[in-house]
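S.K.: Next one to model:
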Amino acid sequence: MSEIQVNTINEYTSANGVTIDGVLVKDGAIASSYISGLSGGLSSAQQFRLTANVTSTGFLTANWEVPDTSIQGNLGSIVSESSGVFSFSETGYYLVNFTAECVVTSATNTFGNIQIYSTNDNTNYTQLTSGYYGGTSDYDITVNSTSVILDVTNTTNDKVKFYFLNQTGTPRINGTTTENKSYVTFLKLGDT
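M.R.: Just a heads-up that it's a prediction; the model follows:
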């Protein structure tokens, strides 16, 4: 094994870059736009929140918005929502998290859960997770979360949606337009 010690390596032809062990590095900066052959870190982070309370069992098909309070923001825009169905414009590995502020609205034994569903054929959905919550006193409040890592290989067919199940009593999940009470988070972890 040999070792080369130098202070500077310059391109032979301007703007062509230098390839080192399969990685192309160009003059100007060490940034993703100047390097090829690397799988970068987190490239997208997005959130969507519910803007209204939900009391009925079913898929959450309405009242989703991109958070816009104060300095809230998203990194990228590769996840989109339509009628509660979330689609991906890029393939990759995604961490998907569903967090909900759950409330017992009567002084009875109350149980429910939040769930994440996915499809790989744009038609048939499969339940991937469940996050249970419950309480026995009027207006018990809990924050519940459930998550999954998805391998999105087809941007036409691979999608997710979210479900609220009222099992007993009168639970609800809270939503509002001013803060994240019940929301979903998508983090693109890397390429598939």
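S.K.: use CA for all of it now, contacts and neighbours both
M.R.: Will do.
S.K.: Can you find the helix or strand in this structure with the smallest mean pLDDT?
M.R.: strand 35-36 (a mean of 56; mean pLDDT, DSSP states H and E).
S.K.: quick check: mean pLDDT across the following helix or strand past that one?
M.R.: Moving toward the C-terminus from strand 35-36, the first helix or strand encountered (DSSP states H and E) is strand 44-50. Model confidence over strand 44-50 averages 96 on the pLDDT scale.
S.K.: Same check on stretch 163-179?
M.R.: Here the average pLDDT along stretch 163-179 is 89.
S.K.: What residues sit buried inside that stretch?
M.R.: 163-166, 169-177, 179 (16 or more other CA atoms under 10 Å).
S.K.: Quick check, Leu187 in contact with Leu95.
M.R.: Yes: between Leu187 and Leu95 there is a contact at 5.1 Å, judged by CA atoms under 8 Å.
S.K.: quick one, which of those two is more surrounded?
M.R.: Counted by other CA atoms under 10 Å, Leu187 and Leu95 do not tie: Leu187 has more neighbours, with 19 against 16.
S.K.: could you say what helices and strands the helix or strand that one falls within packs with?
M.R.: Under the criterion of DSSP H and E, Leu187 resides in strand 183-190. Strand 183-190 is packed against strand 44-50, strand 92-104, with contacts defined by 3 or more CA pairs under 8 Å, 6 or more residues apart in numbering; DSSP states H and E.
S.K.: JSON lines for these, including distance to Val18?
M.R.: Formatted as JSON lines, the entries for the helices and strands packed on strand 183-190 read as follows, by distance: least, CA to CA, whole Å:
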{"stretch": "strand 44-50", "distance to Val18": "28"}
{"stretch": "strand 92-104", "distance to Val18": "28"}
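S.K.: Between the ones you listed, which one is closest to Gly73.
M.R.: In terms of CA to CA, the element of these nearest to Gly73 is strand 44-50, at 7.8 Å.
S.K.: which of the residues in stretch 78-92 are buried?
M.R.: Within stretch 78-92, the residues that qualify as buried by neighbour count (16+ other CA under 10 Å) are Ile78, Val79, Glu81, Gly84, Val85, Phe86, Ser87, Phe88, Glu90, Thr91, Gly92.
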